[in-house]
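Colleague: here's my sequence, what's the structure:
(one chain, ligands or ions: 2)
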Amino acid sequence: MAERVFVNDTTLRDGEQAPGVAFSVAEKVLIARALAAAGVDEIEAGTPAMGGSEIAALAAVVAEDLPVRVMAWCRLAEADVDAAASAGVAHVNLSVPTSRIQMAVKLHAGPEAVAERVRRVVAHARARGLTVALGGEDASRAEPADIGLLARAAAAEGAWRLRFADTLGVLDPFATFDAIRAVRSETDLAIEFHGHDDLGLATANTLAALRAGATHASVTVLGLGERAGNAALEEVAVAAGAVLGRSCGVDPTALAGLAGLVAEASGRAVPSDKAIVGTEVFTHESGIHVAALLRDVHTYQGLDPALLGRRHRVVLGKHTGLAAIRGVLADLGLTVSDREALELLRAVKARAEATKTPVAVSELRSLLAAARLPAFLEAAE
Ligand SMILES: CC(=O)SCCNC(=O)CCNC(=O)[C@H](O)C(C)(C)COP(=O)(O)OP(=O)(O)OC[C@H]1O[C@@H](n2cnc3c(N)ncnc32)[C@H](O)[C@@H]1OP(=O)(O)O
Ligand SMILES: O=C(O)CCC(=O)C(=O)O
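Modeller: Residues are numbered from 1 along each chain as shown. Ligands and ions are numbered 1, 2, ... in the order given. A predicted model of the protein is given here:
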């Protein structure tokens with residue numbers, strides 16, 4: 001049995017860092033409920049240092065008593081840990097800059113001093129009864145030895161996991177694999193990968209990290225997040241099974257509903273061709289595909305839509321061929337001559353080119369009526 005993948009969903013934290021996105025407390029609770037119902041293991045629900053409504057939202061999510069680990073994102077500071085505790089959370093992700101540039105600019109310190117601060121703040125959080133995961137910010141630009149130093153400092157005080165963050169989305173899957181392997185040899189902590197999509201590689205990098213020994217994947221619904229966003233929950237959850245043969249406990253049939261909920265709350269529509277959850281990702285227009293699909297669905301099916309509670313759909317348009325026309329007419333209980341089918345095909349293509357939209361099945365009868373007339377007149381000559 002392949003090793004289980006654990007999912008940390010950070011829609012409510014990194015997802016909300018997407019420009020202009022601001023969830024209300026009620027929206028955070030609704031999204032948290034939906035994430036828990038879908039089967040994610042952890043929800044990173046917010047940043048307590050922001051205070052006010054963010055603390056209220058964290059407290060409200062905790063009060064739901066959902067069957068998930070509710071985590072708060074904290075800087076490496078006692079005050080942030082105390083704010084997390086005041087919200088009632090039991091689990092914190094303590095973020096530490098790991099690259100030399102971020103350590104110097106943000107903490108004005110080098111690796112040894114930062115490691116000392118890690119020891120101090122992790123100990124503080126543990127003394128307050130919190131579990132601690134260490135968030136390795138900018139790990140993809142850090143020295144593996146520095147990451148090892150910080151991870152061991154955290155482990156010595158009782159941290160249980162290291163997050164390897166590709167904060168700027170600079171990795172590709174090969175580099176991700178090597179980087180996780182390098183860090184794997186530096187620490188015994190569980191490893192979580194948190195990818196960013198600046199190069200469109202966040203999901204691919206997450207899969208590479210899982211192959212290399214990461215056990216936890218940090219994701220957001222629709223990949224919502226800072227700049228170009230994160231690895232998408234729906235992509236990682238489905239690809240973990242389809243590509244790696246590993247289960248992550250997420251119910252695939254819940255993904256489209258989750259996407260709709262987050263799209264609504266974030267004010268960002270789901271693109272129709274968005275992998276897994278887009279409305280058109282199982283829709284076929286091209287004649288060559290449809291002709292083969294109608295004979296054997298496996299000719300053009302990589303992912304079974306039934307897994308997601310969905311179905312293939314055929315639309316008619318500029319790229320339609322005769323087999324699709326005949327298939328749709330047969331579904332409608334209509335039989336036509338070869339000549340009529342060809343006329344109808346021409347009419348469908350012309351309509352689709354003129355309107356730049358698929359031709360609705362409801363339009364077929366009128367197109368067919370129009371197509372039959374010239375055929376009748378020609379036959380009468
Ligand atoms: C890669 C990531 O996604 S990191 C997470 C980013 N998330 C956020 O920024 C959440 C939203 N942020 C906020 O609301 C605000 O920035 C707050 C409430 C967190 C802090 O606000 P302010 O006190 O006004 O600080 P400000 O935003 O100007 O600067 C951030 C401070 O945190 C420090 N800091 C940044 N990362 C860390 C860290 N991991 N550990 C400790 N300190 C850190 C910075 O050096 C800076 O310190 P300074 O005030 O001494 O210069
Ligand atoms: O430090 C962390 O927990 C990761 C923060 C983050 O979102 C990132 O680095 O992209």
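Colleague: ok, which stretches of this structure are strands?
Modeller: Applying DSSP state E to the chain gives strands spanning 6-9, 42-46, 69-75, 91-97, 131-137, 161-165, 190-194, 216-219, 283-284, 313-314.
Colleague: need these in a markdown table with distance to residue 206 and mean pLDDT, can you?
Modeller: C-beta: built from backbone N, CA, C; applies to glycine. Compiled in a markdown table, the strands of the chain are given as follows (distance: least, CB to CB, whole Å; pLDDT from 0 to 100):
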| stretch | distance to residue 206 | mean pLDDT |
| --- | --- | --- |
| strand 6-9 | 10 | 98 |
| strand 42-46 | 15 | 98 |
| strand 69-75 | 18 | 98 |
| strand 91-97 | 17 | 98 |
| strand 131-137 | 15 | 98 |
| strand 161-165 | 11 | 98 |
| strand 190-194 | 5 | 98 |
| strand 216-219 | 5 | 98 |
| strand 283-284 | 27 | 96 |
| strand 313-314 | 29 | 94 |
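Colleague: a markdown table please, covering the ones you listed and showing distance to ligand 1.
Modeller: Below are the strands of the chain laid out as a markdown table (distance: least, CB to the nearest ligand atom, whole Å):
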| stretch | distance to ligand 1 |
| --- | --- |
| strand 6-9 | 14 |
| strand 42-46 | 9 |
| strand 69-75 | 3 |
| strand 91-97 | 4 |
| strand 131-137 | 5 |
| strand 161-165 | 7 |
| strand 190-194 | 9 |
| strand 216-219 | 11 |
| strand 283-284 | 36 |
| strand 313-314 | 38 |
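Colleague: now those as JSON lines including mean neighbour count?
Modeller: Output for the strands of the chain, formatted as JSON lines (neighbours: other CB atoms under 10 Å):
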{"stretch": "strand 6-9", "mean neighbour count": "26"}
{"stretch": "strand 42-46", "mean neighbour count": "27"}
{"stretch": "strand 69-75", "mean neighbour count": "24"}
{"stretch": "strand 91-97", "mean neighbour count": "25"}
{"stretch": "strand 131-137", "mean neighbour count": "26"}
{"stretch": "strand 161-165", "mean neighbour count": "27"}
{"stretch": "strand 190-194", "mean neighbour count": "26"}
{"stretch": "strand 216-219", "mean neighbour count": "28"}
{"stretch": "strand 283-284", "mean neighbour count": "18"}
{"stretch": "strand 313-314", "mean neighbour count": "16"}
